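>>> need a structure here:
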Amino acid sequence: MARVPVFYSFHFDNDVMRVQQIRQMGMIDGDEPVSPNDWETVKRGGAAAVERWIDDNMKYKRCVVVLIGSQTHVRPWVQHEIRKAWSDNRGLLGIHIHNLNCPRHGTCAKGTNPFDQFVFRDSNGNVMRPPVYDPPAIGTYNHIRDNLAGWVDDAVARRR
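Residues are numbered from 1 along each chain as shown. Okay, the predicted model is just below:
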């Protein structure tokens, strides 16, 4: 399996510690994490600055991985990233991360599938559904680590 460059989409405030675990697996080429201070600076620039940051960081990525925590589905920038990924014909998939242990907060409630808010169509107008994976409660980290590269490869292949 190739190391496909990906963009991670997630709710920063709630899930950054869980997301860091996935990034540090080294299974795929993920985007570099933004520090809390840098993210606050970007947000202070307003909607145009956030959009520019997303565009710049998603530019050369072949897949967008939405890491689904308890509030991910209501985050406007996650919704924007999902729409952009689909319109740019990037691979798109979701992974529930509620069972990954956050050092500060432990596990969290399972979040709503953010893809349920959208209708995705292929180039022929057929309705498609990006895959969403829900790793088991026991061995969550290992399950994600063992399957992440394959899930990304599959998502990219679906968009070809």
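>>> My read is that Val4 contacts Val64, right?
No. Checked against Cβ atoms under 8 Å, the pair Val4 and Val64 is beyond contact range at 11.0 Å. To be clear about C-beta, it is placed using only N, CA and C from the backbone, and glycine gets the same treatment.
>>> anything in contact with each of these two?
The contact sets of Val4 and Val64 overlap at Gly91 (Cβ atoms under 8 Å, 6 or more residues apart in numbering).
>>> higher neighbour count, those two?
More crowded of Val4 and Val64, by other Cβ atoms under 10 Å: Val64, with 26 against 18.
>>> what bridges to the more buried one?
Counting by DSSP bridges, Val64 is bridged to Phe7, Leu92.
>>> Could I get the contacting residues of it?
Residues in contact with Val64 (Cβ under 8 Å, 6+ apart) are 6-9, 58, 81-82, 84-85, 90-93.
>>> want to try JSON lines for those, with neighbour count, pLDDT and distance to Met17 as columns?
Putting the contacts of Val64 into JSON lines (neighbours: other Cβ atoms under 10 Å; pLDDT from 0 to 100; distance: Cβ to Cβ, whole Å) gives the following:
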{"residue": "Val6", "neighbour count": "26", "pLDDT": "92", "distance to Met17": "19"}
{"residue": "Phe7", "neighbour count": "21", "pLDDT": "93", "distance to Met17": "19"}
{"residue": "Tyr8", "neighbour count": "21", "pLDDT": "93", "distance to Met17": "13"}
{"residue": "Ser9", "neighbour count": "27", "pLDDT": "95", "distance to Met17": "16"}
{"residue": "Met58", "neighbour count": "19", "pLDDT": "93", "distance to Met17": "23"}
{"residue": "Glu81", "neighbour count": "23", "pLDDT": "97", "distance to Met17": "20"}
{"residue": "Ile82", "neighbour count": "22", "pLDDT": "98", "distance to Met17": "22"}
{"residue": "Lys84", "neighbour count": "18", "pLDDT": "97", "distance to Met17": "25"}
{"residue": "Ala85", "neighbour count": "24", "pLDDT": "97", "distance to Met17": "24"}
{"residue": "Arg90", "neighbour count": "19", "pLDDT": "96", "distance to Met17": "26"}
{"residue": "Gly91", "neighbour count": "24", "pLDDT": "97", "distance to Met17": "25"}
{"residue": "Leu92", "neighbour count": "27", "pLDDT": "98", "distance to Met17": "24"}
{"residue": "Leu93", "neighbour count": "22", "pLDDT": "98", "distance to Met17": "21"}
